[in-house]
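Visitor: sequence first, predicted coordinates after that:
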Amino acid sequence: MSTIPSSTVPEPTYEDGEFVPTRDVPFSSELDEMIAEIRAGNAPNIGRFCGFCCAPLGRSDYCGVCDLTTERVPAVDKIDRELAQIYHAKRKREGLYVHLAAWTGILLATALSILLILVLPGWTKVFAIIFLVLGGYFAGVFFGNVLVQGFAYRAGLKMFARRWAEWRASAAEAVRTD
Ligand SMILES: [Zn+2]
């Protein structure tokens, strides 16, 4: 796979904070789900997909993800293996960020409750234990879900944009298209 200069990596498009697929960054959440199902062994890698971005087409001749018709780019019946790996890598990256954030929250709550054990007098130290259990749980959920999900979401799409552009570049090296 060829690496391309970061200046040529396309920027994902957002509208009201929601990602909008474009031909430059044709990420399909439908395809994302499908690849996860195939990897889990719940579905076969067969169907009718856009010949450009591999988004599932169903019976349609138009791809709403990259805005191309099957007349211009003929449909394919399999998801490209390398593209499936890019989708999988994106999922893994997002999961890593969410886990890291959740653990940061849990560690912070733990540090706080140790501090409470030190400063609280006598039997009131029991509150430190309660805080450790509840605070750790809520901090983990809060950091993992609320705080980082927007960040992980954008970081994942940024990664997808770069890997997609690199994949296209190496495909173009192999076969001259258009
Ligand atoms: Zn497409």
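Guide: That came through, no problem.

Visitor: burial count for Ala75?
Guide: Residues within reach of Ala75, counting by other Cβ atoms under 10 Å, total 17. Bear in mind the C-beta positions are built from the backbone N, C-alpha and C, glycine included.

Visitor: quick one: contacts for it?
Guide: 48-51, 57, 61 (Cβ atoms under 8 Å, 6 or more residues apart in numbering).

Visitor: any idea how far the residue located most distally from the centre of the chain lies from Pro56?
Guide: Here the chain reaches farthest from its C-alpha mean at Gly122, the gap being 47.9 Å by Cα atoms, centre = their mean. Remark: distance between Gly122 and Pro56 (Cβ to Cβ, to the nearest Å) = 64 Å.

Visitor: what does Leu108 give?
Guide: Per Cβ to Cβ, Leu108 is found 42 Å from Pro56.

Visitor: now do Lys78
Guide: In this view, Lys78 and Pro56 are 12 Å apart by Cβ to Cβ.

Visitor: touching both of the two, which residues are there?
Guide: 47, 49.

Visitor: now the strands: where do they sit in this protein?
Guide: Along the chain, the stretches classed as strands by DSSP state E are 13-15, 18-20, 62-63, 68-69.

Visitor: most tightly packed of those?
Guide: Compared across those, strand 62-63 shows the largest average neighbour count, a mean of 19 (mean count of other Cβ atoms under 10 Å).

Visitor: quick one: strands adjacent to it?
Guide: Counting by DSSP bridges, the strands paired with strand 62-63 are strand 68-69 (antiparallel).

Visitor: what does the strand it pairs with contact?
Guide: So strand 68-69 is contacted by 23, 50-53, 61-63 (Cβ under 8 Å, 6+ apart).

Visitor: run the last query once more with 10 Å
Guide: 23, 26, 50-53, 55, 60-63, 75 (Cβ atoms under 10 Å, 6 or more residues apart in numbering).

Visitor: pLDDT below threshold where in this protein?
Guide: Low-confidence segments of the chain, defined by pLDDT under 70: 1-2, 175-178.

Visitor: show me what the lengthiest helix in the chain is packed up against.
Guide: Counting by DSSP state H, the longest helix found in the chain is helix 81-119. Judged by 3 or more Cβ pairs under 10 Å, 6 or more residues apart in numbering; DSSP states H and E, helix 81-119 is in contact with helix 29-39, helix 126-141, helix 148-174.

Visitor: can I get the ones you listed in JSON lines with mean neighbour count and distance to the ion?
Guide: Rendered in JSON lines, the data for the helices and strands packed on helix 81-119 read as follows (neighbours: other Cβ atoms under 10 Å; distance: least, Cβ to the ion, whole Å):
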{"stretch": "helix 29-39", "mean neighbour count": "16", "distance to the ion": "9"}
{"stretch": "helix 126-141", "mean neighbour count": "15", "distance to the ion": "36"}
{"stretch": "helix 148-174", "mean neighbour count": "17", "distance to the ion": "12"}
